[in-house]
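*Asks:* Sequence and computational prediction follow.
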Amino acid sequence: MKKTLNKNLHIVKNEVFTSNIQTIGLLVDESNFRHTKALQKELILNGILPENIKIVVYRDKFKKKKEYVLATFGKKQMNWKGEFEPTFLNEFIATEFDLLISYYDVEKTALMMVTQKSKAKFKVGFASIDLRFNRWMIDIPLENYKLFVSELFKYLRNIK
């Protein structure tokens, strides 16, 4: 899997930034962060419509038989070629969001594969993740989601 990920990293995507952000894909690692709904609320407070935010959650300890409130996946739902089993995850990857927020600060192959494969126009993530995955990185602790969103929208307003 890591081999596939590294092989695809040399493919440079021509991301087109639009200052008029309407749709957001939110990829969250809930292994150590459990404030996804609060993070979504912060995005809504900054003018994003709730129906325009699609959330996919990753968990280290994913239980296949458990029902999750949000679309959730684990590393075992990715095969050795880096392809994902769940339909919702493949649809998320194929969606051309205006912005993908990769809300994780620890490099995990499954999360990085989703970020790398995403058709999003612009990608934002944490500074602790390999620079090749995101166009813009924010250096803030994971648990400080309010500051993350504040910095993100400050940046987006400044480049209009």
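*Replies:* That came through fine. Residues are numbered from 1 along each chain as shown.
*Asks:* and the end-to-end length of stretch 76-95?
*Replies:* End-to-end span of stretch 76-95 (CA to CA, to the nearest Å): 23 Å.
*Asks:* so how far is that stretch off the chain centroid?
*Replies:* Mean-position distance between stretch 76-95 and its chain equals 14 Å (CA atoms, centre = their mean, to the nearest Å).
*Asks:* Please identify the buried residues of it?
*Replies:* Buried residues in stretch 76-95, counted by 16 or more other CB atoms under 10 Å: 77-78, 82, 84, 89, 92-93. In this view, the C-beta of every residue, glycine as well, is placed from N, C-alpha and C.
*Asks:* Would you map the strands across the protein?
*Replies:* Applying DSSP state E to the chain gives strands spanning 24-29, 53-58, 71-73, 99-103, 123-126, 136-138.
*Asks:* Among the buried residues of stretch 76-95, which are located in helices?
*Replies:* The helices, defined by DSSP state H, take in 89, 92-93 from the buried residues of stretch 76-95.
*Asks:* among the buried residues of stretch 76-95, which two are most distant?
*Replies:* Across the buried residues of stretch 76-95, the longest distance by CB to CB is 15.0 Å; it joins Gly82 and Phe92.
*Asks:* how about the residue lying closest to Leu142 once chain neighbours are set aside, phi and psi?
*Replies:* Spatial nearest neighbour of Leu142, chain neighbours left out: Asp105 (4.6 Å); criterion: CB to CB, 6 or more residues apart in numbering. The phi/psi pair for Asp105 (degrees, to the nearest 10) reads phi -120, psi 10.
*Asks:* burial count for Asp105?
*Replies:* If you count neighbours by other CB atoms under 10 Å, Asp105 ends up with 19.
*Asks:* Now stretch 39-49: buried residues?
*Replies:* Using 16+ other CB under 10 Å as the test for burial, stretch 39-49 gives 39-43, 48.
*Asks:* So what touches that stretch?
*Replies:* Residues outside stretch 39-49 that contact it (CB atoms under 8 Å, 6 or more residues apart in numbering): 21-22, 24, 26, 28, 50, 53, 55, 103, 145-146, 148-149, 153.
*Asks:* Now that stretch - C-alpha only, PDB.
*Replies:* Listed next in PDB are the C-alpha coordinates belonging to stretch 39-49 (Å, rounded to 0.1, in the frame of the first residue of the first chain):
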ATOM      1  CA  LEU A  39     -15.700  21.100  13.500                       C
ATOM      2  CA  GLN A  40     -18.600  20.900  11.000                       C
ATOM      3  CA  LYS A  41     -20.500  23.500  13.000                       C
ATOM      4  CA  GLU A  42     -17.500  25.900  12.800                       C
ATOM      5  CA  LEU A  43     -17.500  25.500   9.000                       C
ATOM      6  CA  ILE A  44     -21.200  26.300   9.000                       C
ATOM      7  CA  LEU A  45     -20.600  29.400  11.100                       C
ATOM      8  CA  ASN A  46     -18.200  30.500   8.400                       C
ATOM      9  CA  GLY A  47     -21.000  30.400   5.700                       C
ATOM     10  CA  ILE A  48     -20.800  26.800   4.400                       C
ATOM     11  CA  LEU A  49     -24.200  25.200   4.000                       C
END
